Structures are given as C-alpha cells and as structure tokens.
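Novice: Please find the sequence and the predicted model below.
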Amino acid sequence: MARLDKKELGIRSEELGIRSEKLIFSSPPFSKELAQELLNNYSSPLYVYNGDRLGETIEQITKAVSYPRTQFRFASVTNGNIALLKIFCSFGWGLHANTPGDIYLGLQAGFDPSEIVYSGSNLNRAEMLQVLNWGITTLNFDSLPQLQLCCEVLPKGREKNIRLGLRLNLPEITGDSRIGVRPEEFGDAIALTAEFGLKLSGLHFYRGTGTNATTAFTQVIDTVIATAQQLPDWEYLDFGGGFGYPYHHNKAAFDWEIFGAELTERITHLGRKIDLVIEPGRSAIAGCATLLAQVVSVKWQGEKQIVGVDTTVANLSVPSVHGGYREIVTWKQADNPHSLFTTDICGNTTYSRDYLGKDCQLPALEIGDIVAILDVGAYGYAMSSHFLHRPKPAEVLLENGTYRLIRKREDYSVLLTNQLITNIQQPL
Ligand SMILES: Cc1ncc(COP(=O)(O)O)c(C=O)c1O
C-alpha cells in the first residue's frame with residue numbers, strides 16, 4: 001500500500017453526475033506524477049479505480065431514494081472485483097446477480113445470501129440447485145419453465161423464507177425483448193407456484209441498459225406498479241438496473257434525485273408495505289475508473305494523427321466492439337488546450353476493430369506519453385477477454401490517500417490455463 005499526496009487525487013471527485021459544460025474536454029482524473037508512479041510500479045496498461053469517488057457515488061444514489069423500505073443491490077455484472085464489491089458491502093448495499101458466477105463472487109466478497117438478488121436467465125437444473133444451496137432467498141425469473149424448475153428443486157423446508165418474482169416483459173415499455181414474462185402469463189405462474197405451496201411476491205422491471213433519460217423511468221412507474229398489483233401476493237418491486245451514465249462530458253446525467261423522489265412518492269401512497277429493490281450497475285461504478293496506457297507509436301495520415309498504445313480492445317471491448325464511447329484524455333491537452341488534432345487511438349494488434357477511440361481531439365503525442373481512457377468502471381475489466389491472446393492488465397485501487405494492487409497483471413501462462421498439452425488418449 002502506498003501513501004498519496006492529497007493533491008494528487010480528487011480532481012473530478014466533486015463531479016458525480018453532470019459535468020461542467022464549460023470544459024471542452026474532461027480533466028485527467030489524477031496528477032501526471034501519480035499516473036507515472038502507478039505505471040512504474042504496476043506497468044501499462046493499468047485499470048485504476050478511485051474508491052473515494054465510488055463511495056461518494058454510492059452515497060449520492062442511496063440518499064436520492066428516500067423510501068424507507070429500499071434495498072440497494074449492486075449489479076456486479078458490471079464489475080466483479082472483490083475489493084470493489086467489499087466497498088458496496090461496507091455501504092450497506094447487497095448484490096444483484098445475473099449469473100451463478102456473480103453469486104459466487106458476491107459470497108467471496110462477504111455479502112450475506114439474503115442480500116443477494118438473483119434475476120438471470122436460463123439456468124440448468126444443476127445451476128438452479130447450486131443457487132438455492134448457496135442460500136439465495138430472492139429470485140426473479142424470466143420464464144415459467146425457470147420458475148417451475150426452481151419450485152421443483154427447492155429443498156424442503158425452504159418454502160417460508162423464499163421470495164419469488166417475475167421479470168416483466170411489457171412490449172410497449174420493454175420493447176421486443178426475449179427476456180421476461182408477459183402479464184397474460186401471470187395467472188399460470190401463480191397457479192404453478194401454488195401447486196408447490198409457494199407464492200409469487202415480486203415483480204422485476206428492467207428498463208434496458210444505459211438509459212440516460214430520467215423520464216424513460218419516471219413515465220412508466222404507474223404502469224409497472226399497476227402491473228405488479230395484478231399479483232395478489234405482491235410484496236416487493238425490483239425496479240432494475242439500466243440507469244445511464246453520461247460518458248460524453250457535456251451530456252446530462254440520469255437524474256437520481258428526480259427519479260428517487262417520484263418513485264418514493266408513488267410507492268409510499270400505495271397503502272401497502274412494499275419492499276423496493278434498486279439494482280444499479282453502470283451508474284454506480286462507471287465513473288470511478290480509468291484505464292491508463294502508454295503511447296508506443298505515432299504516425300500521421302495527412303491531418304490525422306494515428307496513435308498506437310499498449311492496450312487493446314480485448315482489455316476494454318466496449319468502444320470498438322459494442323460501439324460505446326469512452327473519452328480519452330492526456331495530461332498534455334490540459335496544458336495546451338488550443339492545439340488539438342483529430343486522432344485515432346489504436347490498440348496493439350492488427351484486428352480491424354482495435355480502436356480505443358476514433359476521431360478524438362488530442363494534442364500531438366509522443367512515444368511514452370500516457371493516455372487516460374475515462375469512465376471504464378462498468379463493463380470494462382468485466383468484459384475484457386483473452387481474444388487476441390493478450391494477458392489482462394492489473395487493477396489498482398486509490399482510497400483514503402493510499403493505493404494498492406487489487407488484481408495482478410496476468411502473464412502469458414494464463415493462455416495455457418486448462419489446456420491439456422500432454423497427449424492422454426482414451427480408447428474410443
Ligand atoms: C436484471 C439486471 N439488473 C441490472 C443490470 C445492470 O444494468 P446497468 O448496468 O444498466 O444498471 C443488468 C445488466 O445486465 C440486469 O440484467
């Protein structure tokens with residue numbers, strides 16, 4: 001663990017949602033000296049998390065939804081690093097699990113099974129049993145066969161403390177989605193659970209990831225609540241997931257205060273005690289991480305600067321593979337904001353989509369310069385892969401004026417994991 005000078009941190013710490021429109025680009029998230037020190041210690045590329053900023057974001061979201069029966073569950077599909085999960089745990093949040101792997105990591109991080117909500121899809125029998133054997137008590141299903149499988153494999157004696165819910169599929173809101181159960185199937189679902197002596201007590205709604213318009217949520221609250229009321233044993237409403245994050249520095253953020261106030265107002269006046277589950281992923285963690293990389297090549301194609309860096313879309317697949325935007329800044333443009341060139345930031349492979357950023361406005365760069373790819377906390381490391389056979393970067397956490405390694409850099413031996421090199425033949 002290394003100590004940090006306070007001045008080195010927190011340049012962006014006051015910016016939780018909407019960033020200043022006066023800036024033509026975002027500031028680097030910490031000092032150049034610190035960036036260099038981290039790369040000297042842990043090599044490039046490097047994921048750097050700001051734990052203080054994460055804590056501030058968690059507090060901001062928590063405060064915005066004042067309804068007293070609210071349970072926050074961090075959607076760890078976005079980031080499964082144990083050190084970061086522990087931060088959510090320390091703020092009293094639980095976990096939202098999309099897969100059994102999310103649950104496994106959550107338990108390792110110290111979440112109690114009763115604080116983990118499962119709402120995934122298409123488990124096989126062994127997986128369903130595993131999830132239940134881990135002690136998970138709140139489960140939302142996106143099809144009747146999955147609900148039935150759960151009822152079939154639920155160990156005897158667990159009926160009393162289990163909460164079963166349905167993921168809502170309402171084409172006029174959720175669009176043409178494969179996921180979820182339509183209201184016309186509710187009757188069959190209720191009958192099915194009753195056969196097993198169980199009840200359906202939850203409705204789970206998910207708006208769709210990265211939705212920045214606050215009204216996209218607030219305008220559907222009444223419809224979702226009215227649909228939930230079709231369940232006679234309704235006890236909890238899980239409102240997702242899907243809250244956006246403004247990756248462009250001059251775009252408005254999803255407004256937690258407006259959303260929290262409207263949802264609280266509606267649910268308070270229902271006249272029944274409903275538990276509210278909120279499971280933010282991206283909106284909680286996107287802004288607290290930066291991927292640092294170093295320039296290894298610069299060339300010019302006419303007016304365009306082509307910069308090669310020592311990371312790849314396999315380390316951060318979102319911008320290139322999924323079409324998302326992540327702002328890229330350097331410490332040079334902060335010094336000289338007026339001399340910028342259209343620049344492509346290219347990964348260290350010849351894969352045709354290996355661009356970390358296209359048409360960025362950056363100063364003339366040199367070999368050895370550090371670039372900072374911002375807002376990579378969600379779906380960053382979590383979506384990195386061994387495609388292109390490049391080992392994954394290390395992860396570092398800055399917190400309370402110190403930093404520490406929270407995941408080691410991989411070496412090439414990871415590429416051999418589970419490969420059977422010796423030739424053991426089985427007779428046919
Ligand atoms: C049910 C559910 N909740 C929450 C999330 C997290 O979504 P987001 O990062 O958009 O908040 C997901 C993402 O897949 C999800 O499927």
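Specialist: That came through, no problem. Numbers count the residues shown, from 1 in each chain.
Novice: can you pull out the helices in this protein?
Specialist: Ranges of helices within the chain are 32-42, 51-64, 82-90, 100-109, 125-133, 144-153, 171-174, 186-195, 215-218, 221-228, 256-268, 282-285, 318-321, 331-335, based on DSSP state H.
Novice: so of those, which one's packed in deepest?
Specialist: Neighbour counts (mean count of other CB atoms under 10 Å) averaged over each of those peak at helix 282-285, with a mean of 27. To be clear about C-beta, it is placed using only N, CA and C from the backbone, and glycine gets the same treatment.
Novice: residue contacts, residue 227?
Specialist: Contacts for residue 227 (CB atoms under 8 Å, 6 or more residues apart in numbering) come out as 168, 170, 183, 203.
Novice: Got the confidence number for residue 249?
Specialist: Listed pLDDT for residue 249 reads 79.
Novice: Distance check, it against residue 385.
Specialist: Using CB to CB, to the nearest Å, residue 249 is found at 28 Å from residue 385.
Novice: check whether the strand ranked longest in the chain contacts the ligand.
Specialist: In terms of residue count, the longest strand belonging to the chain (DSSP state E) is strand 289-301. No. On the criterion CB under 6 Å from any ligand atom, strand 289-301 is out of touch with the ligand, staying 13.8 Å away.
Novice: Check stretch 317-326 too.
Specialist: No. Stretch 317-326 does not reach the ligand (CB under 6 Å from any ligand atom); its nearest approach is 11.7 Å.
Novice: tell me how far that stretch is from the chain's mean position?
Specialist: Taking CA atoms, centre = their mean, to the nearest Å, one finds the center of stretch 317-326 at 14 Å from the center of the full chain.
Novice: With stretch 353-373 instead?
Specialist: For stretch 353-373 - counting by CA atoms, centre = their mean - the centre lies 24 Å from the chain centre.
Novice: got the buried residues for it?
Specialist: Neighbour-count burial for stretch 353-373, counted by 16 or more other CB atoms under 10 Å, picks out 354-357, 360, 362-363, 365, 369-373.
Novice: sorry, back to before: more crowded one of residue 249 and residue 385?
Specialist: The neighbour count for residue 249 versus residue 385, taken as other CB atoms under 10 Å, is higher for residue 249 (19 against 12).
Novice: in terms of contact, does that one touch residue 326 like I think?
Specialist: No. Counting by CB atoms under 8 Å, residue 249 does not reach residue 326; the two are 11.3 Å apart.
Novice: which residues of the chain score low on pLDDT?
Specialist: Residue ranges of the chain with pLDDT under 70: 1-25.
Novice: which bits of it sit near the ligand?
Specialist: Contact residues, the chain versus the ligand (CB under 6 Å from any ligand atom): 75, 77-78, 96, 98, 119, 206, 209-210, 240-243, 279-283, 378.
Novice: Outline the domain layout of this protein.
Specialist: Under the assignment automatic domain parsing, the domains of the chain span 2-50+286-414, 51-284.
Novice: Quick one: closest of these to residue 427.
Specialist: Nearest to residue 427, of all the domains of the chain, is domain 51-284, at 28.2 Å by CB to CB.
Novice: Show me how far the closest one is from its chain's centre.
Specialist: Taking CA atoms, centre = their mean, one finds domain 51-284 lying 14 Å from the centre of the chain it belongs to.
Novice: Endpoint to endpoint, it covers what distance?
Specialist: For domain 51-284, the first-to-last residue distance is 12 Å (CA to CA, to the nearest Å).
Novice: With adjacent residues omitted, what lies nearest to residue 109?
Specialist: With CB to CB, 6 or more residues apart in numbering as the measure, residue 85 is the residue that lies nearest to residue 109, at 3.6 Å, once sequence neighbours are left out.
Novice: What residues does that neighbour make contact with?
Specialist: For residue 85, the contact set (CB under 8 Å, 6+ apart) comprises 74, 76, 95, 105-106, 109-111.
Novice: Also residue 59?
Specialist: residue 91.
Novice: now do residue 122
Specialist: So residue 122 contacts 143, 146 (CB under 8 Å, 6+ apart).
Novice: Let me know the distance separating it from residue 39.
Specialist: Residue 122 is 41 Å from residue 39, by CB to CB.
Novice: Report the contact partners of the spatially most central residue of the chain.
Specialist: In the chain, the residue lying closest to the centroid (CA atoms, centre = their mean) is residue 78, at 2.4 Å. With contact set as CB under 8 Å, 6+ apart, residue 78 has these partners: 281-282, 284-286, 377-379, 382.
Novice: Also residue 126?
Specialist: Applying CB under 8 Å, 6+ apart to residue 126 gives no contacts.
Novice: Just read off the phi/psi values of residue 156.
Specialist: Per-residue torsions, residue 156: phi -60, psi 140 (degrees, to the nearest 10).
Novice: again with residue 419
Specialist: Reported as degrees, to the nearest 10, the phi and psi values for residue 419 are phi -80, psi 140.
Novice: Neighbours of it, how many?
Specialist: Residue 419 is flanked by 6 other residues according to other CB under 10 Å.
Novice: Please name the bridge partners of whatever residue of the stretch 51-200 of the chain ends up closest to the ligand.
Specialist: Of the residues in the stretch 51-200 of the chain, the one nearest the ligand is residue 75, at a distance of 3.4 Å by CB to the nearest ligand atom. Applying DSSP bridges to residue 75 gives these bridge partners: residue 96.
Novice: Can you tell me the number of residues neighbouring it?
Specialist: By the criterion of other CB under 10 Å, residue 75 has 28 neighbours.
Novice: residues in contact with it?
Specialist: Contact partners of residue 75, counting by CB under 8 Å, 6+ apart, are 96, 98, 241, 279-282.
Novice: and the residue nearest to residue 109, how far is that from residue 35?
Specialist: As judged by CB to CB, residue 85 and residue 35 stand 25 Å apart.
Novice: what's the neighbour count on the closest residue to residue 137 other than its chain neighbours?
Specialist: Leaving out its chain neighbours, the residue that sits closest to residue 137 by CB to CB, 6+ apart is residue 114, at 5.2 Å. For residue 114, the count of nearby residues is 13 (other CB under 10 Å).
Novice: Quick check: residue 114 touching residue 135?
Specialist: Yes. Judged on CB under 8 Å, residue 114 makes contact with residue 135 at a distance of 7.3 Å.
Novice: beta partners for residue 301?
Specialist: residue 304.
Novice: Buried ones in stretch 268-284, by neighbour count?
Specialist: Residues of stretch 268-284 classed as buried: 274-284 (neighbour count, 16+ other CB under 10 Å).
Novice: Alright, calling it a day.
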